[in-house]
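>>> can't give you the sequence, but here's the structure:
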C-alpha cells in the first residue's frame, strides 16, 4: 500500500509539473509574472543565491504551499473529501444550516447548538465503531444529472 501511495503521489506531482509546463507554453507573455508567482508559491518553489567560500551557489527553496498541501486528486479519485480544508467544509455546512446571510444572534446560537448535537452524534457513532453515512445529492446518486458519469 505504501509503495502505491508513493507511486501515485509521484504521478500526481508529475502531472502538476507537466501542467505548469503546458501553461507556460500556451499562456500569453503578459501572464508570465502571474505564472511565475503561482509556480514558485504552489508548485516547484524558487532558488536563492548563497555566497559561501567566495563561490556563488543557488539553493532550492521549496514552495510555500507544496502540492501535497493543496492537491486533492487522490482524495477525489478515491471518493474522499472533495476539499483539503476542514474549516472550509465546516463553514460551508454551517452556512447551509443557517440558511441565509446576516442571521440574528439567536439564530446563530440555535444553529451552533444543532451543529454541536450533530458533532456529538458523529463522535458517539465513531466510538461505537459506526460512521455516519456520507450524504450525497439525490440527483447524483440516482444518476439523474445530465451528462453525469461517475468515475
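Looks like it came in fine. All values reported here derive from a predicted model rather than from experimental measurement. Residues are numbered from 1 along each chain as shown.

>>> tell me the domain ranges of this protein?
Listed by automatic domain parsing, the domain ranges of the chain are 2-70, 85-132.

>>> what mean pLDDT does the longest one have?
Looking back up the chat, that one is domain 2-70. What domain 2-70 shows for mean pLDDT is 84.

>>> about what we covered before: would you mind saying which of the domains of the chain lies nearest residue 77?
Proximity to residue 77 (Cβ to Cβ) singles out domain 2-70 among these, at 8.9 Å. Bear in mind the C-beta positions are built from the backbone N, C-alpha and C, glycine included.

>>> how about residue 35, what does it touch?
When contacts are counted by Cβ atoms under 8 Å, 6 or more residues apart in numbering, residue 35 touches 20, 23, 24, 27.

>>> give me the element it is part of.
helix 32-38 (DSSP states H and E).

>>> Neighbouring strands - and their directions - for the helix or strand following that helix?
Per DSSP H and E, the first helix or strand lying C-terminal to helix 32-38 is strand 46-52. Sheet neighbours of strand 46-52, with direction, are listed as strand 55-61 (antiparallel) (DSSP bridges).

>>> Give me the distance from the following helix or strand past the strand it pairs with to the chain's centre.
From strand 55-61 onward toward the C-terminus, using DSSP H and E, the following helix or strand is helix 67-70. Counting by Cα atoms, centre = their mean, to the nearest Å, helix 67-70 is centred 7 Å from the centre of its parent chain.

>>> Equivalent analysis for stretch 43-56, please.
Between the centre of stretch 43-56 and the centre of its chain there are 31 Å (Cα atoms, centre = their mean).

>>> before we move on, what about stretch 93-100?
21 Å.

>>> and what of stretch 22-36?
Relative to where its chain is centred, stretch 22-36 has its mean C-alpha point 23 Å off (Cα atoms, centre = their mean).

>>> Now do the end-to-end distance for it.
13 Å (Cα to Cα, to the nearest Å).

>>> Report the contact partners of residue 64.
Taking Cβ under 8 Å, 6+ apart, one finds 41, 42 in contact with residue 64.

>>> if we go to 10 Å?
40, 41, 42, 45, 46 (Cβ atoms under 10 Å, 6 or more residues apart in numbering).

>>> Understood, closing this out.
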